[in-house]
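S.K.: Sequence and predicted structure below; questions after.
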Amino acid sequence: MFKKILIIDNDVLFNRKIQEKLQNSLHFSVTAIEDLDTNIEALFDYELYIIRLDDKTDDIIKELTDKDKFVILITQHDNKDIREKILSYHVSDYVVTNSSASVGFVYKIVQRLESNTRKTILTVDDSKLVLTQMAILLSSQNIHYVQCSDGAEAWEYLQNTNSKKIDLVITDYEMPNMNGYELVKNIRTTFSFEELPVLVVSGSEDTYMISRFLKVGANDYITKPFINEEFMGRITNALLIVEMFDKIKSMAMTDHLTGIHNRVYFYEAGIKILENANRAKQESAIAMIDIDNFKSVNDTYGHEAGDRALIHVANTIKKALRRSDVLVRFGGEEFVILLPNCPHKQAMKVMQKVCDYVAKSPCNIGDNTEITVTISIGVTSKIVAVDQMLETADKYMYEAKQSGKNRVVSQD
């Protein structure tokens, strides 16, 4: 995260607008100065710089980029000579400030650079020179990268569950051991088009080859030697696709009321977690939870109070769980907990802790009114099909209700 940003700009009105936008929207610490009549050494204490390009700032821009600082240039002029001069600095980006949208453009670049620190790109090429060139460009955009010298090495990396998560693959075509075409084919056997974009970078302009790559699953294609701006533009667009896909997927898998995972997530991801635990021969458990007398809460205090009770129970349960446990709102007042790598005795201890936490935590339903909420829990550790485990846990949960509520029941 950029903790300190410095703006060097003699256009007072413009730098004030940028400063206010960054401080109010991103909550960064932003300092603005109009000229360089200050201690030069103090200027190197910042992490990101927004600088007006002119003769006075030329030296400081060179020094900052030599020190690998992130620099965004702003200029009133837009011509070929200015563009070539800007590109010679190897800055992160630049904005032409000749429209009312310029402040928004600067803001978007800062936002992107901040977001990029959470991105990792896998670059695949047998040319060390090309890998170095891409590394310089990616570093200027605050993007992490992993380098591989051929498709086989890259595919092995992507298959390794301990490897760092990759957000984008950039691959050459002609490489030893496995070429880019075969790599893209392999990637699409495991990763979807939206989940892991692939950008092909090749010296060939053969339209047949380009169409083959696109048909086999590449998201985009760019020819070498590439223009740096176009290269980074393609990368930015690909990463935006991933962000939008992740956001939509997260929304689809999150319960809008409680903020925890929902039923869709359980069947999408929870089942995979359980299957992985089974393959590793780890004991696991599933618990079904129901809020006791929930209908009477709605009838007595209203549905808003019922919603508060659901949120309270979800938050209280989370406090009692391990980090590896998966909590979902299954529907209505029902919750399901998946406990991977958890022997039966430990699962029972965790669920008893959950039950006690909820019973002992006063639930504020509004207007300074507190009520006591309890839950009934059914637990099964007998590993069978997930639907069968849910059915079994549901049966024990019903037994818990029948035998007095506010308790945990299992096969043992």
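M.R.: Structure received. What you see is a predicted model, and the numbers here were worked out from it, not measured in a lab.
S.K.: Make sure Ile337 is actually in contact with Leu321.
M.R.: Yes. Here Ile337 reaches Leu321: they are 6.9 Å apart, a contact under CB atoms under 8 Å. All C-beta atoms are positioned from the backbone trio N, CA, C, and that covers glycine.
S.K.: These two: which has the busier surroundings?
M.R.: When Ile337 is set against Leu321 and neighbours are counted by other CB atoms under 10 Å, the residue ahead is Ile337, at 27 against 17.
S.K.: Return the residues in contact with Tyr89.
M.R.: Going by CB atoms under 8 Å, 6 or more residues apart in numbering, Tyr89 touches 61-62, 65, 71, 73.
S.K.: If we use 6 Å, what do you get?
M.R.: Each residue near Tyr89 by CB atoms under 6 Å, 6 or more residues apart in numbering is listed here: 61, 65.
S.K.: Would you mind measuring from the closest residue to Met253 other than its chain neighbours to Asp150?
M.R.: Among residues not flanking Met253 along the chain, Tyr265 sits closest, at 3.7 Å (CB to CB, 6 or more residues apart in numbering). Separation of Tyr265 from Asp150 (CB to CB, to the nearest Å): 37 Å.
S.K.: so where is the stretch 51-200 of the chain shaky, pLDDT-wise?
M.R.: For the stretch 51-200 of the chain, no stretch has pLDDT under 70.
S.K.: Which stretches in it count as strands?
M.R.: Along the stretch 51-200 of the chain, the stretches classed as strands by DSSP state E, counting those that start in this stretch are 70-75, 93-96, 120-124, 144-148, 168-171, 198-202.
S.K.: Pick the most deeply packed of those.
M.R.: Mean neighbours per residue, mean count of other CB atoms under 10 Å, is largest over these for strand 168-171, with a mean of 26.
S.K.: need the strands for the stretch 201-350 of the chain, in chain order.
M.R.: Assignment of strands within the stretch 201-350 of the chain using DSSP E, counting those that start in this stretch yields the ranges 220-223, 261-262, 285-291, 326-331, 334-339.
S.K.: now these in CSV, with mean pLDDT and distance to Leu6?
M.R.: CSV is the format used below for the strands of the stretch 201-350 of the chain (pLDDT from 0 to 100; distance: least, CB to CB, whole Å):
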stretch, mean pLDDT, distance to Leu6
strand 220-223, 92, 34
strand 261-262, 94, 42
strand 285-291, 96, 52
strand 326-331, 94, 44
strand 334-339, 95, 48
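S.K.: do you know which of those lies nearest Thr132?
M.R.: strand 220-223 (17.6 Å; CB to CB).
S.K.: ok, that closest one: who's next to it in the sheet?
M.R.: strand 198-202 (parallel) (DSSP bridges).
S.K.: was I right about Asp255 contacting Arg329?
M.R.: Yes. Between Asp255 and Arg329 there is a contact under CB atoms under 6 Å: 4.3 Å.
S.K.: what do these two both touch?
M.R.: Counting by CB under 6 Å, 6+ apart, the shared contacts of Asp255 and Arg329 are Asn262.
S.K.: between those two, which one's more packed in?
M.R.: Using other CB under 10 Å, the more surrounded residue of Asp255 and Arg329 is Arg329, with 25 against 20.
S.K.: so what's the more buried one up against?
M.R.: 255, 258, 260, 262, 335.
S.K.: separation between Leu6 and Gly217?
M.R.: 43 Å.
S.K.: re earlier: how far away is the residue nearest to Met253 from Glu195?
M.R.: From Tyr265 across to Glu195, the span is 16 Å (CB to CB).
S.K.: These two: which is more packed in?
M.R.: More crowded of Tyr265 and Glu195, by other CB under 10 Å: Tyr265, with 21 against 14.
S.K.: one step back: okay, the strands of the stretch 201-350 of the chain, which one's buried deepest?
M.R.: For the strands of the stretch 201-350 of the chain, the highest mean count by mean count of other CB under 10 Å goes to strand 285-291, at a mean of 25.
S.K.: and that one with strand 326-331, angle?
M.R.: Per axes from the mean of the first three to the mean of the last three CA atoms, to 10 degrees, the angle that strand 285-291 makes with strand 326-331 is 40 degrees.
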